[in-house]
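Enquirer: Sequence and predicted structure are below.
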Amino acid sequence: MIKEIKRRRSIRKYINKAVEDEKIIKLLESARLAPSGSNTQPWHFIVVKSESAKQKLAEVSHNQQWMISAPVFIVCVADISSRLAAGDEYISLNEESPQEELKQIIRDTAISIGHILLEADNLELGTCWVAWFIQEEIRPILNIPSDKYVVGILTVGYANEIPKARPRKKLEEIVHYEIW
Ligand SMILES: Cc1cc2nc3c(=O)[nH]c(=O)nc-3n(C[C@H](O)[C@H](O)[C@H](O)COP(=O)(O)O)c2cc1C
């Protein structure tokens, strides 16, 4: 598994080749089998191939036009009723924080997205997780109800680039033993 984890890259250039439906089903299957708190499985996935919908999704994603070269988008949605207000001020999160359930649902959906990224690599497909959009703009494009939260758009296709590995923090910077 570590081989695939090391090999995966975010892909932003794709060749003009359709992705086989069987492979898309395998990606969705890998997401379906992800773990989630209390096995709530809050995730939904919208498979988008329509050029006009892809174009609109790229536009609301800060006009990231590179996205269009991917033949398939998988829009990954957490089933929630509202979203956490973003604030610049420091906040300390704990179990009693407002909308804790909301955060758990986004967490769980993110796990399923991670499964898709790795299964895609296993199927020799490239992906990129895009999340630079705002909910109010993205929902109407795909008729997503306002009590759902779009966690990411995954662009999916055969890679037309081999990006270098992006840097990661060293283990010493992120791992603590016994105490923080
Ligand atoms: C939640 C999330 C949102 C992201 N949003 C974007 C995005 O909007 N546009 C983009 O080009 N890449 C996006 N990325 C890809 C990251 O830039 C990329 O994962 C990171 O730089 C590490 O590179 P790697 O995936 O090739 O290892 C996103 C990744 C994640 C996990």
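Expert: Good, I have the coordinates. Residues are numbered from 1 along each chain as shown.

Enquirer: Dead centre of this protein: give me the residue that sits there.
Expert: Gly152 (3.8 Å; Cα atoms, centre = their mean).

Enquirer: Could you list the low-pLDDT ranges of the chain?
Expert: 80-95 (pLDDT under 70).

Enquirer: my read: Lys26 touches Ile116, true?
Expert: No. If you go by Cβ atoms under 8 Å, Lys26 and Ile116 don't touch, sitting 9.5 Å apart. Just so you know, the C-beta spots here come from the backbone N, C-alpha and C atoms, and that holds for glycine as well.

Enquirer: Between the two, tell me which one has more neighbours.
Expert: Each of Lys26 and Ile116 has its neighbours counted (other Cβ atoms under 10 Å); Ile116 has more, 26 against 17.

Enquirer: Quick check: residues of this protein near the ligand?
Expert: 9-10, 12, 61, 64, 128-132, 152, 163, 166 (Cβ under 6 Å from any ligand atom).

Enquirer: Quick one: the helices in the chain, in order.
Expert: 2-7, 21-32, 51-60, 100-122, 135-138, 171-174 (DSSP state H).

Enquirer: Out of those, which is the most enclosed?
Expert: For these, average neighbour numbers computed from mean count of other Cβ atoms under 10 Å are highest in helix 100-122, which has a mean of 19.

Enquirer: could you dump it to CSV, C-alpha only?
Expert: Once non-C-alpha atoms are left out, helix 100-122 reads as follows in CSV (Å, rounded to 0.1, in the frame of the first residue of the first chain):
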residue,chain,number,x,y,z
GLU,A,100,-20.0,19.1,16.1
GLU,A,101,-22.0,16.6,14.1
LEU,A,102,-21.4,18.6,11.0
LYS,A,103,-17.7,18.3,11.5
GLN,A,104,-18.0,14.6,11.9
ILE,A,105,-19.9,14.2,8.7
ILE,A,106,-17.3,16.2,6.7
ARG,A,107,-14.6,14.1,8.4
ASP,A,108,-16.3,10.8,7.4
THR,A,109,-16.8,12.0,3.8
ALA,A,110,-13.2,13.0,3.6
ILE,A,111,-12.2,9.4,4.5
SER,A,112,-14.2,8.0,1.6
ILE,A,113,-12.6,10.6,-0.8
GLY,A,114,-9.2,9.4,0.4
HIS,A,115,-10.2,5.9,-0.6
ILE,A,116,-11.1,7.1,-4.1
LEU,A,117,-7.8,8.8,-4.6
LEU,A,118,-5.8,5.7,-3.7
GLU,A,119,-8.1,3.3,-5.7
ALA,A,120,-7.8,5.6,-8.7
ASP,A,121,-4.0,5.4,-8.5
ASN,A,122,-4.3,1.6,-8.3
